[in-house]
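Novice: Can you look at this prediction? I've put the sequence above it.
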Amino acid sequence: MTFTIPIDNGDALKNAEADSQRTLYPYVTGTSIVAIKYKDGVLMASDMGGSYGSTLRYKNIERVKAIGKHSLLGASGEISDFQEILRYLDELVLNDNMWDDGNSLGPKEVHNYLTRVMYNRRNKFNPLWNTLVLGGVKNGESYLGMVSMIGVSFEDNHVATGFGNHLARPILRDEWRADLSFEDGVKLLEKCMRVLLYRDRSAINKLQIAKITEEGVTVSQPYSLKTFWEFQAFHNPTAGAQGSW
Amino acid sequence: MDLNLDAPHSMGTTIIGVTYNGGVVLGADSRTSTGMYVANRASDKITQLTDNVYVCRSGSAADSQVVSDYVRYFLHQHTIQLGQPATVKVSANLIRMLAYNNKNMLQTGLIVGGWDKYEGGKIYGVPLGGTVVEQPFAIGGSGSSYLYGFFDQAWKENMTKEEAEQLVVKAVSLAIARDGASGGVVRTVIINSEGVTRNFYPGDKLQLWHEELEPQNSLLDILNAAGPEPMAI
């Protein structure tokens, strides 16, 4: 449902302000999503933060949601746009169910739909300011893919958004294996999330890990990770050079 | 010094919404500024949407007024069609609809709070951009920057109505002390199953903070007050 306040801007061809229908910048943003395929399906981790510029304003935002029976959607970027995407997907899943034909949307289909939406918005210079991670399992096949706000879309065995691109992916390239157990998968994701917590200013120490398998979706309760500060080098780093950092 | 009296009216503002055991308490300051000039020192930023749902407005005065006017109009029709009072969630979603779909043009942050028979007291924050976030308490406006630490420490679940209102008044008062764009009186609105209560706390009824002095009528009163007795042997 849309309601745009009626404003007479004039003719878009003659009047520069008339095409002001473009998202210029995000306001409330979520940081990285990290996701991997593992033995039984897909694991996806995110923190629960919603930043407002440099302020860590919201600390209870769920950035990973179940879509239909077979998919998980994680989002970084503008939260209001993520909420709108969830509304679109709600409608998509509803209409799919109304066919009542025993079929249900799988992760490949949802990923494709999202790619079309994101790319078409980009073409109109009015993007949904998100990077989305879509993971799922259908008929025994695991699927994991990503779409960015400019419509770049691909699949891989492990994906990460935002800061995760720089900090998590090198870890995943080194340590990911196809036959990861649930426990090893969680440990690998936690290793990535801990690094992000140390090094990403917009990360908060409250995260959720979601799992999707043939059986269905589980999203963990929110929890915090221990961090490590007891290194000799941390105790008196400027002892040898007063005034340095 | 440029007062810029033609600047758009902005409610710098401090707004707060807090849930308690049985309802919600909404609070706000009362300053509306045009640039550096205080255009209205006694504004009412807590606006009624329905009998049981109110909204705290911050940011552009014009934008927040037009959004709440539209939502009041939609909710009125919705109530007639539904045959019973609108829920807080529906009110928040209508605010969201306008805030999100007009995000390029609007500059207003809102806090929706109310009571309905299904969910009890609820607070929804709708910041710039049109995100909706249900929260046990919400703060907004320029003055809220000074309150994040305060609430992290002072907030607790299941407060009584009196505790909640005192917390809100204290918080708005602290924000007024440090935010130039907030000032005037503290207004509160309490909403629960019994109905709605409006309260008014003028500046002189509030606690004094750091480096604030007891207000006097005149210096003369201080000078004329009996001085200390000279030392006598």
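Specialist: Yes, it's here.
Novice: In chain A, which residue sits closest to chain B?
Specialist: The nearest approach of chain A to chain B comes at residue A:27, 3.5 Å away (Cβ to the nearest Cβ). In this view, the C-beta of every residue, glycine as well, is placed from N, C-alpha and C.
Novice: For that residue, what are phi and psi?
Specialist: phi -110, psi -60 (degrees, to the nearest 10).
Novice: if I pick it, what's in contact with it?
Specialist: Applying Cβ atoms under 8 Å, 6 or more residues apart in numbering or on different chains, we find residue A:27 in contact with A:52, A:78, A:80, B:127-129, B:131.
Novice: Apart from its chain neighbours, what residue comes closest to the spatially most central residue of chain B?
Specialist: Of all residues in chain B, the one closest to the mean position by Cα atoms, centre = their mean is residue B:28, 2.1 Å from it. Once flanking residues are discounted, residue B:28 sits nearest to residue B:45: 4.1 Å by Cβ to Cβ, 6 or more residues apart in numbering or on different chains.
Novice: rewinding a little: let me know whether the residue nearest to the centre of chain B touches residue B:172 as I believe.
Specialist: Yes. Under the contact definition of Cβ atoms under 8 Å, residue B:28 touches residue B:172, with a separation of 6.8 Å.
Novice: quick check: mean pLDDT across the longest helix along chain B?
Specialist: In chain B, with assignment by DSSP state H, the single longest helix is helix B:61-82. Averaged across helix B:61-82, the pLDDT comes to 97.
Novice: now do stretch B:182-193
Specialist: So the average pLDDT for stretch B:182-193 ends up being 96.
Novice: For residue A:77, see how far away the closest residue to chain A within chain B is.
Specialist: Nearest to chain A in chain B, going by Cβ to the nearest Cβ, is residue B:129, at a distance of 3.5 Å. Distance of residue B:129 to residue A:77, computed by Cβ to Cβ, to the nearest Å: 11 Å.
Novice: quick one: common contacting residues for these two?
Specialist: residue A:26.
Novice: tell me which element the nearest residue to residue B:210 once chain neighbours are set aside is part of?
Specialist: Distances taken as Cβ to Cβ, 6+ apart place residue B:177 nearest to residue B:210, at 7.8 Å, with adjacent residues excluded. For residue B:177, the element it lies in under DSSP states H and E is helix B:161-178.
Novice: any idea which helix or strand comes after that helix?
Specialist: strand B:186-192.
Novice: What is that next one packed up against?
Specialist: Contact partners of strand B:186-192 among helices and strands, from 3 or more Cβ pairs under 8 Å, 6 or more residues apart in numbering or on different chains; DSSP states H and E: strand B:23-28, strand B:46-48, strand B:53-60, strand B:108-116, helix B:161-178, strand B:195-201.
Novice: Kindly recompute the last result at 10 Å.
Specialist: Packed against strand B:186-192 by the contact rule (3 or more Cβ pairs under 10 Å, 6 or more residues apart in numbering or on different chains; DSSP states H and E) you find strand B:15-20, strand B:23-28, strand B:46-48, strand B:53-60, strand B:108-116, strand B:120-126, helix B:161-178, strand B:195-201.
Novice: Include distance to residue A:38 when you put these into a markdown table, please.
Specialist: Formatted as a markdown table, these follow (distance: least, Cβ to Cβ, whole Å):
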| stretch | distance to residue A:38 |
| --- | --- |
| strand B:15-20 | 40 |
| strand B:23-28 | 44 |
| strand B:46-48 | 51 |
| strand B:53-60 | 45 |
| strand B:108-116 | 41 |
| strand B:120-126 | 36 |
| helix B:161-178 | 46 |
| strand B:195-201 | 53 |
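Novice: any idea of the mean pLDDT in the helix ranked longest in chain A?
Specialist: Counting residues, the longest helix in chain A under DSSP H turns out to be helix A:79-98. The average of the pLDDT scores along helix A:79-98 is 97.
Novice: Over to stretch B:140-157?
Specialist: Mean predicted confidence for stretch B:140-157 is 96.
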